[in-house]
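Asks: Need a 3D model of the following:
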Amino acid sequence: MNHRLKIIVLKWSAACSDPLLHRRERLRVWRSVFDTIGRVVKI
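Replies: Numbering: from 1, shown residues only. So this is what the prediction gives:
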């Protein structure tokens with residue numbers, strides 16, 4: 001697994017498990033995850 005992708009996934013799972021996280025922040029995390037996956041797939 002890509003090292004950078006693993007870090008993103010860890011951040012994302014931590015964000016999703018945090019009930020205090022704002023919905024807007026969660027959407028931003030999702031967007032960055034998809035953006036990173038898109039870059040990894042293209043390369």
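Asks: how about low-confidence regions in the chain?
Replies: Scanning the chain for pLDDT under 70 picks out the ranges 1, 15-16, 18-22, 43.
Asks: From Arg24, how far off is the residue nearest in space to the middle of it?
Replies: In the chain, the centroid-proximal residue (Cα atoms, centre = their mean) is Val33; its distance is 3.4 Å. Computed as Cβ to Cβ, to the nearest Å, the Val33 to Arg24 distance reads 15 Å. In this view, the C-beta of every residue, glycine as well, is placed from N, C-alpha and C.
Asks: Lys11 now?
Replies: Applying Cβ to Cβ to Lys11 and Arg24 gives a distance of 16 Å.
Asks: Could you do Arg4 as well?
Replies: Counting by Cβ to Cβ, the gap from Arg4 to Arg24 is 24 Å.
Asks: out of those two, which sits in the more crowded spot?
Replies: Arg4 (11 against 8; other Cβ atoms under 10 Å).
Asks: Please identify the helix or strand for the more buried one.
Replies: Element membership of Arg4, judged by DSSP states H and E, is helix 3-17.
Asks: and that helix, what other elements does it pack with?
Replies: Judged by 3 or more Cβ pairs under 8 Å, 6 or more residues apart in numbering; DSSP states H and E, helix 3-17 is in contact with helix 23-42.
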